[in-house]
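A.B. asks: Need a 3D model of the sequence below.
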Amino acid sequence: MSPRDLTALLVLSALWGGSFLFMRIAAPVLGPVVLIELRVLIAGLALLTFAVATRSLPSFRVRWRQFLVIGVVNSALPFLLISAATVQITASLAATLNATTPLFGALVAAVWLGERLSWGKGAGLLLGLMGVALLVGFGPLPLTSPVWLSIGASLLGALSYGVAAVYTKLRMTGVPPFALALYSQLCAAVVLLPAVPFALPTVLPSGVVILSVLALALLSTAVAYLLYFGLIQRVGPTRATTVTYLSPAFGIVWGALLLREPLTLWSFLGFGLILASVALVTGPVLPGRQADTQADTELGA
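C.D. replies: Numbers count the residues shown, from 1 in each chain. Presented below is the predicted three-dimensional model:
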């Protein structure tokens, strides 16, 4: 991987890791529905502007139903669940729980596609459960009912990403990744829009909240997708999805540095176990490994 691509990978990881920070700041003020509507609408319009400006607008009509499904399962639903979770739990914990996405993807593929779970993958799944248990049982947060519900929402968000990945593999083979990102954001915005009038915030957002929304939509979504597509084209999807390992680490760093969130030894142990489990389930990304020809759909957080 060239220095340019490595830099792009690190910036992408930092942006996706930062999404948890921005949600943690904005969700308690705006509420999950309004925040995520703004995220997907602004990001979708930014990507649409880019596509029109570069004369690269992909086709929508033929596969609009599939784009709608992906918009719900890969954007609206997981974004909403994770945003709701960040009202109660720390950005670093939400980022770490989101690292279980590949584990859920493997489980969904086993159930839906009948893919065989090897001993290594089975051990990886067990290790991932142990990591989550360490995070939850020995973390710095008191285990109140709202915290338990938020942890469950984060894990359901990761499960939703896993379902979306398998659905895309079945229904969207050959569709450009840019089309998936563009139309999933716009479809998610359309789906969430009817709920917005019933979830309007009761206080005006501060400048920090407004900046967090813009950063979440433009940097952690629109710009992050463009970086991801560029990496896929230059180094292939297998190496590009190394971001799965890096973005949760950045989420933990941003939460600790900028929000002064507490970190314990158990937090690091739990995160380490989850990353090890992901490596067992997905396989390590080796320098000489051939890249796939179709991108995975674990896009964003």
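A.B. asks: helix or strand right after the worst-scoring helix or strand of the chain on mean pLDDT?
C.D. replies: None of the helices or strands of the chain scores lower by mean pLDDT, DSSP states H and E than helix 237-240, at a mean of 58. Using DSSP states H and E, the next helix or strand after helix 237-240 towards the C-terminus is helix 243-258.
A.B. asks: Contacts for that following helix, please.
C.D. replies: With contacts defined as C-beta atoms under 8 Å, 6 or more residues apart in numbering, helix 243-258 is touched by 9-10, 12-14, 16-21, 24, 90-92, 94-96, 98-99, 101-102, 228, 261, 263, 267, 271, 274-275, 278-279, 282, 298, 301. Placement of C-beta: from N, CA and C, glycine included.
A.B. asks: Which positions in it come out as buried?
C.D. replies: Judged by neighbour count using 16 or more other C-beta atoms under 10 Å, the buried positions of helix 243-258 are 243-256.
A.B. asks: Same check on stretch 115-127?
C.D. replies: Under 16+ other C-beta under 10 Å, the buried positions of stretch 115-127 are Leu117, Lys121, Gly124, Leu125, Leu127.
A.B. asks: Pick the one among these closest to Leu80.
C.D. replies: Closest to Leu80 out of the buried residues of stretch 115-127 is Leu125 (25.7 Å), distances taken as C-beta to C-beta.
A.B. asks: Check the gap between that closest one and Val29 for me.
C.D. replies: 37 Å (C-beta to C-beta, to the nearest Å).
A.B. asks: ok, Val40 - contacts?
C.D. replies: By C-beta under 8 Å, 6+ apart, the contact list for Val40 reads Gly71, Ser75, Ala76, Phe79, Gln185, Leu186, Ala188, Ala189, Leu192, Ala217, Thr221.
A.B. asks: Tell me the first helix or strand C-terminal of the helix or strand hosting it.
C.D. replies: Here Val40, judged by DSSP H and E, is contained in helix 32-53. Moving toward the C-terminus from helix 32-53, the next helix or strand (DSSP H and E) is helix 64-70.
A.B. asks: Let me know the next secondary structure element after that next one.
C.D. replies: In N-to-C order, the element after helix 64-70 by DSSP H and E is helix 77-85.
A.B. asks: what residues does the following helix or strand past that following helix touch?
C.D. replies: Using DSSP H and E, the helix or strand that directly follows helix 77-85 along the chain is helix 91-98. By C-beta under 8 Å, 6+ apart, the residues outside helix 91-98 that reach it are 17, 20-21, 23-24, 82, 85-86, 132, 135, 139, 141, 151, 154-155, 157-158, 247-248, 250-252, 254-256, 259, 261, 263, 267, 270-271, 274, 301.
A.B. asks: Quick one: buried ones out of those?
C.D. replies: By 16+ other C-beta under 10 Å, these give 17, 20-21, 23-24, 82, 85-86, 132, 135, 139, 141, 151, 154-155, 157-158, 247-248, 250-252, 254-256, 261, 263, 267, 270-271, 274, 301 as buried.
A.B. asks: Convert the C-alpha atoms of stretch 48-66 to PDB, please.
C.D. replies: The C-alpha atoms that make up stretch 48-66 are tabulated as PDB, following Å, rounded to 0.1, in the frame of the first residue of the first chain:
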ATOM      1  CA  LEU A  48     -25.600  13.800  -5.400                       C
ATOM      2  CA  THR A  49     -23.900  17.200  -6.000                       C
ATOM      3  CA  PHE A  50     -20.600  15.400  -6.500                       C
ATOM      4  CA  ALA A  51     -22.100  13.000  -9.000                       C
ATOM      5  CA  VAL A  52     -23.800  15.700 -11.000                       C
ATOM      6  CA  ALA A  53     -20.700  17.900 -11.000                       C
ATOM      7  CA  THR A  54     -18.500  15.000 -12.200                       C
ATOM      8  CA  ARG A  55     -21.200  13.700 -14.600                       C
ATOM      9  CA  SER A  56     -21.100  10.300 -12.900                       C
ATOM     10  CA  LEU A  57     -24.700  10.000 -11.700                       C
ATOM     11  CA  PRO A  58     -25.500   6.200 -11.500                       C
ATOM     12  CA  SER A  59     -28.800   4.700 -12.500                       C
ATOM     13  CA  PHE A  60     -31.600   4.500  -9.900                       C
ATOM     14  CA  ARG A  61     -34.800   3.300 -11.600                       C
ATOM     15  CA  VAL A  62     -34.000  -0.300 -12.300                       C
ATOM     16  CA  ARG A  63     -33.000  -1.200  -8.700                       C
ATOM     17  CA  TRP A  64     -34.900   1.400  -6.700                       C
ATOM     18  CA  ARG A  65     -36.500  -1.300  -4.400                       C
ATOM     19  CA  GLN A  66     -33.100  -2.800  -3.500                       C
END
